[in-house]
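Trainee: sequence and predicted structure below; questions after.
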2 protein chains.
Amino acid sequence: MKDLKVCIMGFGAVGQGLAKVILLKKENLKELYGVNLKIVSVADSSSSVICSDGLDENELIRIKKETGKLKNYPEYGSDISGLDVLDACDYDVLLEAVPTNIDDAEPAKSLTLKAFKQGKDVVTSNKGHLALFYDELLGAAKENKVLFKFEASVGGTMPIINLAQETLPANKVTSIVGILNGTTNYILSRMTSEGTNYENTLKESQHLGIAETDPTQDVEGIDAACKTVILANSVLGIPAKYDDVKVEGISNITSEAIEIAGQEGYLIKLIAEVSEDHLEVSPRLVKKGSAFDINGTLNMATVTTDLSGEVTVRGIGAGSVETAAAMLTDLIHVIREKYYVDD
Amino acid sequence: MKDLKVCIMGFGAVGQGLAKVILLKKENLKELYGVNLKIVSVADSSSSVICSDGLDENELIRIKKETGKLKNYPEYGSDISGLDVLDACDYDVLLEAVPTNIDDAEPAKSLTLKAFKQGKDVVTSNKGHLALFYDELLGAAKENKVLFKFEASVGGTMPIINLAQETLPANKVTSIVGILNGTTNYILSRMTSEGTNYENTLKESQHLGIAETDPTQDVEGIDAACKTVILANSVLGIPAKYDDVKVEGISNITSEAIEIAGQEGYLIKLIAEVSEDHLEVSPRLVKKGSAFDINGTLNMATVTTDLSGEVTVRGIGAGSVETAAAMLTDLIHVIREKYYVDD
């Protein structure tokens, strides 16, 4: 049985979700692929816990929840943080789940490039570094002959990058149009069903934990625009940058506009569009009953192809365990490509 | 540049679709994977054409359409047919697209087993042999260390088997519920939108070429039941046989039943369900506006998982080029696994 040692950077919702899904699935991975998955290090923003024999998943979550700091993990907790963690542990794959930063993409960018230089494969749920430095990151992965997987960066657990690359590779994808942000879809769905205005619905969403305290990245379309850039590069092969996307959020949408649209059989949704000559995130009218008519925090995307026509997928766009599941899927691809020999 | 020599068995709609998509994509495959895809033999029900240098895709289609027999292909046409074709040519992968036969699964079963014994990989769009002899076929492929791919057998170009295996492998799939037959969905959609009765709508569908002259396999749910068995085995790991599926078709659905359902906000759809303790194809009520509310010949499926919740996919369920595209996707998986070394 081969050990597969993972380092988890970032221990918020997604990082803790990773600990949960690894605990749930590690026996399964032993059976299916003959690999013994071990978490050998986990870092939060200012501390870490490192143990080459593997850490206890439940204990990691408990310590973080109860004390706020991983350094309080008995015996193995430490003040080592950031890039130094990657030097302080012997790992095979970096699972990177630090917060998205759309200004300079740090610390995700430096962590990823350092892991590549160390010859390590990286799986990420992050969007900022991909939206700002896609070419540089992919180039560095190639140069260092390592794998770099980022299914979880778009659509949470809704498969879209792997869908295009693994289930439709015979096709040329000509466009992707979809709803890629769950928070705004929740707000618009509630405004539609309840007739409430934007401000109150946003507050309600914040109260429920669906919108963040600072909701800017979601409601101004920044999150969806990052995903648009990632899909443009990874699926359509367009060397797009964040600034190439025309972005408009939902904060100017009124309940009156939604009501008038409804009378005509339409809904207002925040739609992301990716095609050769068009990168846009903006509120648009979509027909009731169409594939775009999804409620709550769901995501969806319609992929238009040359041979297979339109293929539409919908799924849960966010969530701790769900996003971690998408990262585990990417990790399984790494295992299949590098650690598993079928006999 | 490595040659990849394919043998196409069956040259009806799907077989001809294969010739078309190979013509469209062979340059692409050279660029992406460094393989030179050649059709070295094609067989219809009573003749064949064999040439180790590769056959002309357009000429194959023209000869078949104009003369009805591949033996009329200049210079290389012959009376060799059936299993003998596999002895008469040097090929790497069998692309098998003969008609589905749910009685004894021939000739698909014998062709496939012979190809396996010859050490050849097989990609199929067929359902009969999988529905009747899944274990035997998969066992034989494993024993002979060859690949056996059958995405096109379920849902046409809508990815469902690869979706589960390649985009959701972190998950345990607990059920699949969907609309897996385009012909019956077309008939039911038309009965709903036009208020017409079953008999007339079936005739109209036959006239349009959507339903076959003998529509039994579609309208009695046999086709959907085959797909149910294939999904049970390949995605849920249930060793189901065709006889395990409870099957009811749509021939007893009246326009009155559809109208009454409509008044209550429901549609009648032919639904296939696959779960641990339930294999069924039957007409069911589904809510208007739900993921099951799809029109025409579309297919859809909702995959329920342990970690990722529900993932729903929809796409074109049939069609010559579309089904061939699903087979080409499988062929690309074969290329990636066996013929392509990334450097």
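Mentor: Sure, I can see it.
Trainee: contacts only, for the residue lying closest to A:Gly77 once chain neighbours are set aside.
Mentor: Of all residues beyond its chain neighbours, the one nearest A:Gly77 is A:Lys71 (4.0 Å), with distances taken as C-beta to C-beta, 6 or more residues apart in numbering or on different chains. For glycine as for every other residue, the C-beta is placed from the backbone atoms N, C-alpha and C. Going by C-beta atoms under 8 Å, 6 or more residues apart in numbering or on different chains, A:Lys71 touches A:46-49, A:77-79.
Trainee: for the longest helix anywhere in chain A, packing partners?
Mentor: Secondary structure of chain A per DSSP state H: the longest helix is helix A:13-33. Contact here means 3 or more C-beta pairs under 8 Å, 6 or more residues apart in numbering or on different chains; DSSP states H and E; on that basis helix A:13-33 packs against strand A:2-9, strand A:35-43, helix A:57-67, helix A:320-334.
Trainee: out of the ones you listed, which gets nearest to chain B?
Mentor: Chain B lies closest, by C-beta to the nearest C-beta, to one member of the helices and strands packed on helix A:13-33: helix A:320-334, at 3.7 Å.
Trainee: for the closest one, name the packing helices and strands.
Mentor: For helix A:320-334, the packing partners by 3+ C-beta pairs under 8 Å, 6+ apart come out as helix A:13-33, strand A:93-96, strand A:121-124, strand A:148-149, helix A:161-162.
Trainee: for it, what is the distance to the chain centroid?
Mentor: Helix A:320-334 has its C-alpha centroid displaced from the chain centroid by 10 Å (C-alpha atoms, centre = their mean, to the nearest Å).
Trainee: need the contact partners of it.
Mentor: Around helix A:320-334, the neighbours that count as contacts under C-beta under 8 Å, 6+ apart are A:6, A:13-14, A:16-18, A:20-22, A:25, A:29, A:33, A:93, A:95, A:97, A:121, A:123-125, A:147, A:149-152, A:156-157, A:159, A:162, A:316, B:167-171, B:305, B:307-309.
Trainee: can you give me the mean pLDDT across that helix?
Mentor: Averaged over helix A:320-334, pLDDT sits at 97.
Trainee: do the same with stretch A:293-307
Mentor: Mean predicted lDDT for stretch A:293-307 stands at 96.
Trainee: now the residue sitting furthest away from the middle of chain A: how far from A:Glu256?
Mentor: In terms of distance from the mean C-alpha position of chain A, A:Gln263 ranks first, at 35.5 Å (C-alpha atoms, centre = their mean). A:Gln263 is 11 Å from A:Glu256, where distance means C-beta to C-beta, to the nearest Å.
Trainee: likewise A:Val334?
Mentor: 50 Å.
Trainee: now do the same contact list for A:Leu24.
Mentor: A:Leu24 sits next to B:306-307 when contact means C-beta under 8 Å, 6+ apart.
Trainee: which pLDDT value goes with the residue nearest the centre of chain A?
Mentor: The C-alpha lying nearest the average C-alpha coordinate of chain A belongs to A:Ser153 (C-alpha atoms, centre = their mean; 2.5 Å). What the model reports as pLDDT for A:Ser153 is 97.
Trainee: just give me the neighbour total for A:Trp244.
Mentor: One thing to correct before we go on: residue A:244 is Asp, not Trp. By other C-beta atoms under 10 Å in any protein chain shown, the residues close to A:Asp244 number 14.
Trainee: nearest spatial neighbour of it, skipping sequence neighbours?
Mentor: Per C-beta to C-beta, 6+ apart, closest to A:Asp244 is A:Leu279, 5.3 Å.
Trainee: residues near A:Val341, how many?
Mentor: Residues lying near A:Val341 (other C-beta under 10 Å) number 9.
Trainee: before we move on, which element is it in?
Mentor: Using DSSP states H and E, A:Val341 falls within no helix or strand.
Trainee: where does chain A have low pLDDT?
Mentor: A:342-343 (pLDDT under 70).
Trainee: show me the domain layout of it.
Mentor: Chain A breaks down into these domains under automatic domain parsing: A:2-156+A:321-339, A:163-317.
Trainee: now the end-to-end length of the first one.
Mentor: Terminal residues of domain A:2-156+A:321-339 are spaced 8 Å apart (C-alpha to C-alpha, to the nearest Å).
Trainee: then stretch A:97-107?
Mentor: For stretch A:97-107, the first-to-last residue distance is 10 Å (C-alpha to C-alpha).
Trainee: hmm, who's touching it?
Mentor: For stretch A:97-107, the external contacting residues (C-beta under 8 Å, 6+ apart) are A:8-12, A:14-15, A:18, A:45, A:82-83, A:108, A:111, A:124-129, A:131-133, A:217, A:222-223, A:226, A:242, A:324, A:327.
Trainee: measure the residue nearest to A:Asp244 to chain B for me?
Mentor: Here the distance between A:Leu279 and chain B works out to 24 Å (C-beta to the nearest C-beta, to the nearest Å).
Trainee: repeat for A:Ile102
Mentor: Using C-beta to the nearest C-beta, A:Ile102 is found at 26 Å from chain B.
Trainee: name the SS class of that residue, please.
Mentor: Judged by DSSP: H, G, I helix; E, B strand; the rest coil, the three-state class of A:Ile102 is coil.
Trainee: count residues in the vicinity of it, would you?
Mentor: 17.
Trainee: returning to what we had before: list the buried residues in the longest helix of chain A.
Mentor: A:13-26, A:29, A:33 (16 or more other C-beta atoms under 10 Å in any protein chain shown).
Trainee: which parts of the stretch 101-250 of chain A are strands?
Mentor: For the stretch 101-250 of chain A, the strands defined by DSSP state E, counting those that start in this stretch occupy A:121-124, A:148-149, A:173-179, A:246-247.
Trainee: quick check, stretch A:35-48 touching chain B?
Mentor: No. Stretch A:35-48 lies out of reach of chain B by C-beta under 8 Å from any C-beta of the partner chain, never closer than 11.6 Å.
Trainee: how far off centre is that stretch?
Mentor: On C-alpha atoms, centre = their mean, the centre of stretch A:35-48 falls 19 Å from that of its chain.
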